[in-house]
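Visitor: Dropping the sequence and predicted coords here.
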2 protein chains.
Amino acid sequence: MGSIGSHGFSHERELARRLWMLGYAVMRAPASGKRTRFLKYPDLVAIKNSRVLVFEVKTTRSLNNIYIPSRQVEKLLEFAKRACGEAYIAVKIIGSGKWVLVKISDLVKVSESRFKVPAKIISNSSLLEDII
Amino acid sequence: MGSIGSHGFSHERELARRLWMLGYAVMRAPASGKRTRFLKYPDLVAIKNSRVLVFEVKTTRSLNNIYIPSRQVEKLLEFAKRACGEAYIAVKIIGSGKWVLVKISDLVKVSESRFKVPAKIISNSSLLEDII
């Protein structure tokens, strides 16, 4: 499994900073303990001129599959639906310093409780700079 | 000074819940300690069909003036500008259970470091339900 930690706060912060520098209004989610049960938060929301981007943030050291709990995908989609936003899994490729944005439609459901981001999808997905 | 505490987390949570029930995607800011220096967060962001609302949350027990540090107003405005959102001071009138939304243009700058929300403005401002 290529995912290092489920949160990666420092990477999340780096992504937030990059989006802020690009002119986006950016907000990171409160730490998990503070999330109320009924609200569904993504890791990060970025808004610019009414374009709304919502992200779950993952990291990988090498190009392996990444697994994501279904509930994380569901809360991302629920938030994006309400906001009319675009939902992505933002994957930081550690070492290269690159950020890849994976579309939710490219995830593969492997069981009731989790989705897979196939390694091949990660290497074929668009870079942050190409989408933003 | 009619403001009770500068954060009022439980009131913030109540506002978040009301907006969520109205179909908004809602995100509360991380606790202050987690805010990075360069990012400017409002207390709460709510988005529905690309309508973006940003809030600083205050409470008052009786209809007195409320004072707000300038830096809070500035971060609210910076975030709203980037997001093309509407910025409000959301004031909970404790006791009545009502939420009033004060427009930023109704604030009065009383010194370099703070703004005043005059009591008269609070009693004349629109209720949450009338704006949302």
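Guide: Received, thanks. Computed from a predicted model, the values in this text were never measured in an experiment. Residues are numbered from 1 along each chain as shown, chains lettered A, B, ... in the order given.

Visitor: Next up, the contacts around residue A:101.
Guide: A:88-91, A:125-128, A:131 (C-beta atoms under 8 Å, 6 or more residues apart in numbering or on different chains). (Glycine included, C-beta is placed from N, CA and C.)

Visitor: Kindly apply the preceding question to residue A:19 instead.
Guide: Residue A:19 touches A:26, A:44, A:46, A:53, A:132, counting by C-beta under 8 Å, 6+ apart.

Visitor: What about chain B: which of those residues touch it?
Guide: residue A:26 (C-beta under 8 Å from any C-beta of the partner chain).

Visitor: what's the most distant pair in the contacts of residue A:19?
Guide: Farthest-apart pair in the contacts of residue A:19 is A:44 and A:132; separation 12.7 Å (C-beta to C-beta).

Visitor: Could you check which of these two has the larger neighbour count?
Guide: residue A:44 (23 against 17; other C-beta atoms under 10 Å in any protein chain shown).

Visitor: Quick check: which element contains the closest residue to the more buried one other than its chain neighbours?
Guide: Leaving aside its sequence neighbours, residue A:44 sits nearest to residue A:55 (C-beta to C-beta, 6 or more residues apart in numbering or on different chains; 4.4 Å). Using DSSP states H and E, residue A:55 sits in strand A:51-60.

Visitor: Any buried residues in that strand, and which?
Guide: A:52-60 (16 or more other C-beta atoms under 10 Å in any protein chain shown).

Visitor: likewise stretch A:119-129?
Guide: For stretch A:119-129, a neighbour-count test (16+ other C-beta under 10 Å) marks A:121-122, A:125, A:128 as buried.

Visitor: for those residues, which one is nearest chain B?
Guide: Chain B has its nearest neighbour among the buried residues of stretch A:119-129 in residue A:128, at 17.4 Å by C-beta to the nearest C-beta.

Visitor: wait, what's in contact with that closest one?
Guide: Residue A:128 neighbours (C-beta under 8 Å, 6+ apart): A:15, A:18, A:90, A:98-101.

Visitor: Please convert the buried members of those into ChimeraX selection syntax.
Guide: A single ChimeraX command selects the buried members of the contacts of residue A:128 (16+ other C-beta under 10 Å):
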select /A:15,18,90,99,100,101
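
Visitor: quick one, helices of chain A?
Guide: A:9-21, A:70-83, A:119-124, A:128-131 (DSSP state H).

Visitor: Dump those helices to TSV, plus mean pLDDT.
Guide: What follows is the helices of chain A, written out as TSV (pLDDT from 0 to 100):
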stretch	mean pLDDT
helix A:9-21	90
helix A:70-83	95
helix A:119-124	93
helix A:128-131	91
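
Visitor: The residue nearest to residue A:44 contacts residue A:46, correct?
Guide: Yes: Residue A:55 is within contact range of residue A:46, at 7.4 Å (criterion: C-beta atoms under 8 Å).

Visitor: what's residue A:44 in contact with, if anything?
Guide: By C-beta under 8 Å, 6+ apart, the neighbours of residue A:44 are A:12, A:15-16, A:19, A:26-29, A:54-55, A:57, A:90.

Visitor: Contacts only, for residue A:51.
Guide: residue A:86.

Visitor: who does the residue nearest to the spatial centre of chain A bridge with?
Guide: For chain A, the residue nearest the mean C-alpha position is residue A:56 (2.5 Å; C-alpha atoms, centre = their mean). Beta-bridge partners of residue A:56, counted by DSSP bridges, are residue A:89.

Visitor: who touches it in this structure?
Guide: Residue A:56 touches A:42-43, A:68, A:72-73, A:76, A:88-90, counting by C-beta under 8 Å, 6+ apart.

Visitor: In those residues, find the pair that's most separated.
Guide: A:73 and A:90 (13.4 Å).

Visitor: quick revisit: with distance to residue B:83 added, can I get the buried residues of stretch A:119-129 in JSON lines?
Guide: Formatted as JSON lines, the buried residues of stretch A:119-129 follow (distance: C-beta to C-beta, whole Å):
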{"residue": "A:121", "distance to residue B:83": "30"}
{"residue": "A:122", "distance to residue B:83": "29"}
{"residue": "A:125", "distance to residue B:83": "26"}
{"residue": "A:128", "distance to residue B:83": "19"}
